[in-house]
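Peer 1: Have a look at this prediction, sequence included:
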Amino acid sequence: NSTTVGSYLASRLEEIGMKHYFAVPGDYNLVLLDKLLENKNLEMISCCNELNAGYAADGYCRATGGASAVFVTFSVGGLSLLNAVAGAYAEDLPLIAVSGGPNTNSEAEFEMLHHTLGLLDYDYQRDIFSKVTAEAVTIHDPREAPTQIDHAIQTALRFRKPVYIEIACNIADAVTSAPNVRSFGGPTASDPLSLNAAVDRAVELLSAASKPVLVAGVKLRSFGAEANFQKLADACGYAIASMPNAKGFFNEQHSHYMGIYWGPVGTPGCGEIVDSSDLCLFAGGTFTDYTTTGHAALINPSKVIQARPNSVVFPNQTFSNVKLTEFLEMLAKKLKPNDGSMIAYNRIKEEIAPLRPGTPETELSTRQLFSRIQQMLGPDSAVIAETGDSWFNGMQLDLPEGARFEVQMQYGSIGWSVGATLGFCVGAPDRRPIALIGDGSFQLTAQEVSTIIRYGLKPIIFLINNGGYTIEVEIHDGPYNTIKNWNYAELVHVFNAEDGNGFSCKARTEGELDEAIKQATAHDGPALIDVLIHRDDCSKNLLVWGGHVAKNNGRPPRFH
Ligand SMILES: C/C(NCc1cnc(C)nc1N)=C(/S)[C@H](O)COP(=O)(O)OP(=O)(O)O
Ligand SMILES: [Mg+2]
């Protein structure tokens, strides 16, 4: 029996659990969108531009844990979407980028086409996407469509990476085979010999250590190993830390949780225990200039075991083809409990006294802002922290068990959070996300607030208005770090037009902020609070981190 290429794709997306997709129309993808719309189990979310549609799909993956899809037109759409797909690659998210493409006859007929470079080579978009995806295919022959579509979807789910599917505009409604039964995704198993040898080696080294610690890394979630890590944490009794881009992947209320391991800007006492430990097991960690604070973290490679997605790396031995999930699971069964590092931590940990509020007339500071945000958090919260000082202030939030925390720390493309908040709300309707968005970031992608209003989504957005790019100010200041102020609250009214339900207001003092949070929380719709903060008011940690990162960026060139 048969179907069309577009309907085939729609039914596969539905089959892998997708309920929504994000789209911007164009004449290369209109027929394809018609086919998608015929599938009543998938809802189209129309976005203002393709970059934001991609960021929304990024947020959707984070919310659902599954794949997402974006539908765009050729070149003018696809090349705008590109940056969000690169971000999904960096963040290990299975985003399926689908672009309409030129008619299958065009190139052979030497037909010049609109929206293109004006050359007769129409492969360029697929070539470009092949650099930021795990698979990039162009569908010209409807008979090949099922194989190409299935392979691309399987690759996205298997490797947790974006893929690119280009469908020629005259093929979207061409007849092809109906989907046949098959499974998608699924874990690949470790090599059993390598797995056992790696676990035995880890047990041997960890059992000999006096104060071993366990550190959660960003790949725990993308490789489905959070539960295995939790089991290991419960079994070993070690002190536990999370790296900044893994915040929230381990329950921060766990009795052995120390906090964020981020070198000099981590939770007080945490970095000292990790750095002074005689053996650290990092599970899924990435050691970039940003996650090590310009390499100021005192990680001693001779005292580190790295459990990576597909291998375990000891100081002088590597075991390949060992799956992170299976390694952690098996290790949990074999390790003797040892609370040496927890005892050491309890000796030095600092009780951070809660901040005393000022008067209602006191001008707002980031510290007072974030002490209010802390009070808003509950088990069904989701905090989306944009690149900026929000990383540092967000990192210090104490997450209740079950609360989610999203950052794009690997890619760090400012503006991501507006689309990501849209996508997260669509993917997790049972949560009311709190978005922490700096004014600079917001100005790149502000118009997607109108899509949040259009679909009646209800995030609470804290627009942190400090007059510019404060992270850049602290790394290296200059006139380019100052931005033009907007009337952000007024912008919500612009987007509301005659039928929107967005709430917004400004807050300059602690009293105004308390009132604003009360109204935003009570409002049954999206809310934006424009929080006015002094240009130089940033977290202490940003100052420390900025200095180290600037120094690392400025390493002199070496010549031989
Ligand atoms: C300009 C830039 N980074 C460079 C940059 C420029 N363009 C893109 C797309 N991504 C980037 N990270 C960054 S982090 C700004 O400080 C963000 O400013 P804002 O959102 O206002 O936050 P803070 O004031 O807290 O820093
Ligand atoms: Mg700013």
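Peer 2: Good, I have the coordinates. Ligands and ions are numbered 1, 2, ... in the order given.
Peer 1: Mind listing what's buried along stretch 161-180?
Peer 2: Buried residues in stretch 161-180, counting neighbours by 16 or more other CB atoms under 10 Å, are found at 161-172, 174, 176, 179. C-beta coordinates here come from the backbone N, C-alpha and C atoms, glycine included.
Peer 1: dump the residue contacts of residue 417.
Peer 2: 55, 384-387, 408, 435-437, 441 (CB atoms under 8 Å, 6 or more residues apart in numbering).
Peer 1: still on that earlier bit, farthest pair within the buried residues of stretch 161-180?
Peer 2: The span of the buried residues of stretch 161-180, defined through CB to CB, is set by 161 and 170 at 29.2 Å.
Peer 1: Let me see the ranges of the helices in the stretch 1-150 of the chain.
Peer 2: Along the stretch 1-150 of the chain, the stretches classed as helices by DSSP state H, counting those that start in this stretch are 5-15, 30-37, 50-64, 78-90, 124-129, 145-159.
Peer 1: which phi and psi does residue 168 have?
Peer 2: When read as degrees, to the nearest 10, the backbone of residue 168 gives phi -60, psi 140.
Peer 1: can you list the residues that contact the helix or strand containing residue 490?
Peer 2: Under the criterion of DSSP states H and E, residue 490 resides in helix 488-496. With contact meaning CB under 8 Å, 6+ apart, helix 488-496 is reached by 439, 442, 446-447, 449-450, 453, 463, 465, 500, 502-506, 526, 528-530.
Peer 1: cutoff 10 Å now
Peer 2: For helix 488-496, the surrounding residues in contact (CB atoms under 10 Å, 6 or more residues apart in numbering) are 48, 437, 439, 442-443, 446-454, 461, 463, 465, 487, 500-507, 516, 525-532.
Peer 1: From what I see, residue 363 and residue 531 are in contact.
Peer 2: No: the pair residue 363 / residue 531 is not scored as a contact, 11.2 Å apart, by CB atoms under 10 Å.
Peer 1: shared neighbours, the two?
Peer 2: residue 508.
Peer 1: Just list the residues touching the closest residue to ligand 1 within the stretch 151-300 of the chain, thanks.
Peer 2: Distances between the stretch 151-300 of the chain and ligand 1 by CB to the nearest ligand atom are smallest at residue 290, namely 10.6 Å. Residue 290 sits next to 244-245, 262, 387, 391, 409-410, 412, 545, 548-549, 552 when contact means CB under 10 Å, 6+ apart.
Peer 1: And residue 177, by the same measure?
Peer 2: Here residue 177 is in contact with 1-3, 8, 142-143, 145-147 (CB under 10 Å, 6+ apart).
Peer 1: switch the cut-off to 7 Å
Peer 2: 2, 146 (CB atoms under 7 Å, 6 or more residues apart in numbering).
Peer 1: distance of it from ligand 2?
Peer 2: Plainly put, residue 177 is 53 Å away from ligand 2 if you go by CB to the ion, to the nearest Å.
Peer 1: just to revisit the earlier point, keep only those of the contacts of helix 488-496 that are also close to ligand 1.
Peer 2: Within the set of the contacts of helix 488-496, contact with ligand 1 (CB under 6 Å from any ligand atom) is found for residue 439.
Peer 1: could you flag which of the contacts of helix 488-496 are buried?
Peer 2: Using 16+ other CB under 10 Å, the buried ones in those are 48, 437, 439, 442, 446, 448-454, 461, 463, 465, 500, 502-507, 516, 525-532.
Peer 1: Now intersect those with the strands, please.
Peer 2: 437, 461, 463, 465, 503-507, 527-532 (DSSP state E).
Peer 1: And the pLDDT for the spatially most central residue of the chain?
Peer 2: By CA atoms, centre = their mean, the chain has its centre lying nearest to residue 408, at 4.4 Å. On pLDDT, residue 408 comes in at 98.
Peer 1: pretty sure it is touching residue 416, no?
Peer 2: Yes: between residue 408 and residue 416 there is a contact under CB atoms under 7 Å: 4.9 Å.
Peer 1: can you list residues touching both of the two?
Peer 2: Here residue 408 and residue 416 share the contacting residues residue 87, scored by CB under 7 Å, 6+ apart.
Peer 1: Point me to the residue of the stretch 251-400 of the chain nearest ligand 2.
Peer 2: For the stretch 251-400 of the chain, the residue closest to ligand 2 is residue 388, as judged by CB to the ion, at 5.8 Å.
Peer 1: pLDDT value on the residue nearest to that residue when sequence neighbours are not counted, please?
Peer 2: Counting by CB to CB, 6 or more residues apart in numbering, residue 438 is the residue found nearest to residue 388 once chain neighbours are left out, at 3.6 Å. Per-residue pLDDT puts residue 438 at 98.
Peer 1: Check the one 5 residues further on too.
Peer 2: Residue 443 carries a pLDDT value of 98.
Peer 1: same question, residue 299
Peer 2: For residue 299, the predicted pLDDT is 86.
Peer 1: Likewise for residue 535?
Peer 2: Value for residue 535, per-residue pLDDT: 88.
Peer 1: pLDDT on stretch 322-336, on average?
Peer 2: So the average pLDDT for stretch 322-336 ends up being 97.
Peer 1: Check the offset of that stretch from the chain's centre.
Peer 2: On the basis of CA atoms, centre = their mean, to the nearest Å, stretch 322-336 sits 26 Å off its chain's mean C-alpha point.
Peer 1: Residue 506 - nearest residue in space that isn't next to it in sequence?
Peer 2: Spatial nearest neighbour of residue 506, chain neighbours left out: residue 530 (4.6 Å); criterion: CB to CB, 6+ apart.
Peer 1: ugh, wrong one, I meant residue 149
Peer 2: Leaving out its chain neighbours, the residue that sits closest to residue 149 by CB to CB, 6+ apart is residue 9, at 5.4 Å.
Peer 1: Could you do residue 186 as well?
Peer 2: Excluding the flanking residues, the one nearest residue 186 by CB to CB, 6+ apart is residue 158, at 7.4 Å.
Peer 1: and the lowest-mean-pLDDT helix or strand in the chain, does that touch ligand 1?
Peer 2: When the helices and strands of the chain are compared on mean pLDDT, DSSP states H and E, helix 470-475 comes out lowest with a mean of 87. Yes: Helix 470-475 comes into contact with ligand 1 (CB under 6 Å from any ligand atom), by way of 470-472.
Peer 1: name the helices or strands packed onto that helix?
Peer 2: If you count contacts as 3 or more CB pairs under 7 Å, 6 or more residues apart in numbering; DSSP states H and E, helix 470-475 packs onto helix 540-553.
Peer 1: hmm, who's touching the helix it packs on?
Peer 2: Applying CB under 7 Å, 6+ apart, the set of residues contacting helix 540-553 is 264-265, 289-290, 293-296, 389, 392, 471, 474-476.
Peer 1: do that again at 10 Å, thanks
Peer 2: Against helix 540-553 from outside (CB under 10 Å, 6+ apart): 244, 260, 262-266, 289-290, 292-297, 366-367, 388-393, 395-396, 470-477, 536, 538-539.
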